[in-house]
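**Student:** Give me a 3D structure for the following:
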Amino acid sequence: LSWPKLCLHNALCAVFICLIAASASGGLLSGSFVLAMRSLSPLVPLSFAHAVTASQWGIILDCGSSGTRARVFSWPEKGWSITEADVELEIEPGISSFANNPEALTAYLAPLLDQARLAVPDPSTTKVRAFGTAGMRLLSEMEQVPIWSAVEAAITASGFEFAAAHTIAGGYEGLFNWLTNKYVLQTTLGKDVFLGCLDYGGASFQVTFAPASGVIQDFGYRLRVDSSQERVYSYSYMRSGQDQAMLRYAKALASRSQESPILDSPCHNQGFNFSMNVAGAGERTLRGTGDYSKCKELTQALLNQQNECLLEPCAAQGVYQPPPTGVKFWARGALFFTANGLGLVDWGDAKALSTNQISAKGAEFCAKPWADVASKYSQSYCFSSAYIVAMLNAYAFPPSDETAVVYSRKLHGFSTGWPLGAQLFFIAEAKVDIALDNTMMGPAAKSCSPAEPARCSFASTDCAAGTSCSCIATSMKGNTQERRVLFASQQAGQTMTDSSTGGEASCYCLP
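**Tutor:** Take a look at the predicted model:
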């Protein structure tokens, strides 16, 4: 495919995002960025063209809940193959911690941007996009506005070309992570492998995958490359990342010991004591007892699986999720760091593990006195080993399956995570298109090259059984193309005009 078209669809918001990318001609990875996708009932086809005409550089600022990381990418003058600069650029804490002092963000970001300048040939032509994730989503709109204004000012003052600074939705955080893995693994994944991603961050937990059944009833995104399409489920569990889950855990402990200033914590090693401000309970001291069985009970309770399931099947918090059966998952973030801390996977490796293996190592680790395991990061391993097992069980992963989930930090030289996927997303100019309906989220059609829907006059009666004449009005807002279904019935009529824009609507026979 010389000009593949990539379209992303959020079923809830009914939005398509169409991207165009050029085919690969060399670079770090061989082959073009073409997603191996299954066919779907066709939509009204759109035609766009965008070519990368010069060597370009871009930077994504991953503004997470615990810190900000700069990821530097480049792509060649001809062809289409992205590479990532081998630099580690990270500062702490996260930008959300500046809610009461956004003026300090310029000094906070300056060292990071100064180092990033050294990684690119010309900062003035290097676009920088800063995206906030769950830490920023926890803030109110009024708290976010001055933070992003300060971030924009810092990027502009640094000499880079400012491109964007805002908070992204959790579903897109998961979707960008999925795009990262799809691109990096395209040369090693078999064509019949269904891809999934798990991302355990500081404030949220993302689950994103293409179900083997092809059926997504909710939280579905539609991706299209040329004439092939694939649906991806993506959901972000807020306050379910490692740091936020720990705060909820401490609150649960305090609710069981209303007056006691000391809370026995089975999810911390014996001998590890620390103080923290517990929501609604004030300052408390957590005293580790290292009881893995009790820890599993408490972390299981954080998932609220007693919540009513209004659309089956449900995972955690009463949230709908398709079965993960037959999907190959890659796990990153605190999932990898916990597995690495428990000695299950080496720092530079990617290894498949079962939840039973994590549970066994977690129990072994929790039973050790703090003096034997003390380090900067090991205080979270007991808690997270139990919490990860509870989450994966809730997501319906078989406990003994040693092949379904691969734990990794890097793949083929790329860092795992959403920034690469976001850069891929923005390399081409985006077009936004509103979805026609939600009925196309069922199983994929068998045809590899779906035909364009039959055209019809407005409200005509000549559509085949099972379809009706739907008219879609198109309007432009900047570089965004909006489409809206204006009519869907079988009454007689004339060609339709959108009264809000004056533009003529196109009509098609659709299910």
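
**Student:** can you list the weak-confidence ranges in this protein?
**Tutor:** 1-54, 77-80, 223-229, 428-511 (pLDDT under 70).

**Student:** residue ranges for the helices of it, please.
**Tutor:** Taking DSSP state H as the test, the helices found in the chain are 105-117, 134-137, 141-157, 170-184, 242-256, 292-301, 334-341, 355-366, 370-373, 381-394, 418-427.

**Student:** For the second one, name the packing helices and strands.
**Tutor:** When contacts are defined as 3 or more CB pairs under 8 Å, 6 or more residues apart in numbering; DSSP states H and E, helix 134-137 sits against helix 170-184, strand 228-238. Backbone N, C-alpha and C define where each C-beta goes, glycine included.

**Student:** List the contacts of it.
**Tutor:** Applying CB atoms under 8 Å, 6 or more residues apart in numbering, the external contacts of helix 134-137 come out as 63-66, 94-97, 144, 147, 167, 169-170, 173, 201-204, 236, 238, 241, 244.

**Student:** try 7 Å
**Tutor:** 63-65, 94-96, 144, 167, 170, 201-204, 238, 241 (CB atoms under 7 Å, 6 or more residues apart in numbering).

**Student:** Now do the contacts for residue 378.
**Tutor:** residue 341.

**Student:** And it, how far from residue 395?
**Tutor:** 26 Å (CB to CB, to the nearest Å).

**Student:** Equivalent analysis for residue 234, please.
**Tutor:** Remark: distance between residue 234 and residue 395 (CB to CB) = 13 Å.

**Student:** Who has more neighbours out of the two?
**Tutor:** residue 234 (25 against 21; other CB atoms under 10 Å).

**Student:** Next, count neighbours for the nearest residue to residue 333 once chain neighbours are set aside.
**Tutor:** Spatially, and ignoring its direct neighbours in sequence, residue 333 is nearest to residue 200 (4.5 Å; CB to CB, 6 or more residues apart in numbering). Per other CB under 10 Å, the neighbour tally for residue 200 reads 24.

**Student:** Is residue 200 bridged to anything, and to what?
**Tutor:** On the basis of DSSP bridges, residue 200 is bridged to residue 205, residue 333.

**Student:** and the nearest residue to residue 159 once chain neighbours are set aside, what does it touch?
**Tutor:** With sequence-adjacent residues excluded and distances taken as CB to CB, 6+ apart, residue 159 is closest to residue 123, at 4.6 Å. Applying CB under 7 Å, 6+ apart to residue 123 gives the contacts 117, 159-160.

**Student:** what residue is smack in the middle of this structure?
**Tutor:** residue 174 (1.3 Å; CA atoms, centre = their mean).

**Student:** Enumerate every residue touching that residue.
**Tutor:** Contacts of residue 174 by CB under 7 Å, 6+ apart are 197, 199, 206-208, 234, 236.

**Student:** ditto for residue 394
**Tutor:** 303, 305, 315-316.

**Student:** of these, buried ones?
**Tutor:** Applying 16 or more other CB atoms under 10 Å to the contacts of residue 394, the neighbour count classes 303, 305, 315-316 as buried.

**Student:** Mind putting those into JSON lines with distance to residue 353?
**Tutor:** Formatted as JSON lines, the buried ones among the contacts of residue 394 follow (distance: CB to CB, whole Å):
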{"residue": "303", "distance to residue 353": "20"}
{"residue": "305", "distance to residue 353": "23"}
{"residue": "315", "distance to residue 353": "20"}
{"residue": "316", "distance to residue 353": "20"}
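
**Student:** need the helices of the chain in JSON lines with distance to residue 89, can you?
**Tutor:** Formatted as JSON lines, those follow (distance: least, CB to CB, whole Å):
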{"stretch": "helix 105-117", "distance to residue 89": "5"}
{"stretch": "helix 134-137", "distance to residue 89": "18"}
{"stretch": "helix 141-157", "distance to residue 89": "14"}
{"stretch": "helix 170-184", "distance to residue 89": "18"}
{"stretch": "helix 242-256", "distance to residue 89": "21"}
{"stretch": "helix 292-301", "distance to residue 89": "33"}
{"stretch": "helix 334-341", "distance to residue 89": "19"}
{"stretch": "helix 355-366", "distance to residue 89": "31"}
{"stretch": "helix 370-373", "distance to residue 89": "30"}
{"stretch": "helix 381-394", "distance to residue 89": "25"}
{"stretch": "helix 418-427", "distance to residue 89": "11"}
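
**Student:** Quick check: which of those is nearest to residue 283?
**Tutor:** Comparing the helices of the chain by their distance to residue 283 (CB to CB), the top pick is helix 242-256, with 10.5 Å.

**Student:** gap between the two ends of stretch 174-192?
**Tutor:** For stretch 174-192, the first and last residues are 22 Å from each other (CA to CA, to the nearest Å).

**Student:** oh, I was asking about stretch 151-169
**Tutor:** 18 Å.

**Student:** And for the closest residue to residue 398 other than its chain neighbours, the neighbour number?
**Tutor:** Leaving out its chain neighbours, the residue that sits closest to residue 398 by CB to CB, 6+ apart is residue 404, at 7.1 Å. The burial count assigned to residue 404 is 20, neighbours taken as other CB under 10 Å.

**Student:** do you know how far residue 404 is from residue 174?
**Tutor:** Separation of residue 404 from residue 174 (CB to CB) stands at 18 Å.

**Student:** hang on, the earlier thing: wait, the residue nearest to residue 398 touches residue 392, no?
**Tutor:** No: between residue 404 and residue 392 there is no contact under CB atoms under 7 Å: 9.0 Å.

**Student:** sorry, back to before: out of the helices and strands packed on helix 134-137, which comes closest to residue 364?
**Tutor:** The closest of these to residue 364 is strand 228-238. By CB to CB, the value is 27.4 Å.

**Student:** what's the nearest residue to residue 106 once chain neighbours are set aside in contact with, if anything?
**Tutor:** Nearest residue to residue 106 in three dimensions, chain neighbours excluded: residue 154, at 4.7 Å (CB to CB, 6+ apart). Neighbouring residues of residue 154 by CB under 7 Å, 6+ apart: 105-106, 109-110, 113.

**Student:** Can I have the buried ones of those as a PyMOL selection?
**Tutor:** PyMOL command restricting the contacts of residue 154 to the buried ones, with burial defined by 16+ other CB under 10 Å:
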select buried, resi 105+106+109+113
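
**Student:** could the contacts of residue 154 go into TSV alongside distance to residue 56?
**Tutor:** Output for the contacts of residue 154, formatted as TSV (distance: CB to CB, whole Å):
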residue	distance to residue 56
105	27
106	27
109	23
110	25
113	19
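
**Student:** Out of the contacts of residue 154, flag the one nearest to residue 361.
**Tutor:** Closest to residue 361, out of all of the contacts of residue 154 and judged by CB to CB, is residue 109, at 38.4 Å.

**Student:** Excluding covalently adjacent residues, which one is nearest to that closest one?
**Tutor:** According to CB to CB, 6+ apart, the nearest residue to residue 109 is residue 154 (4.3 Å).
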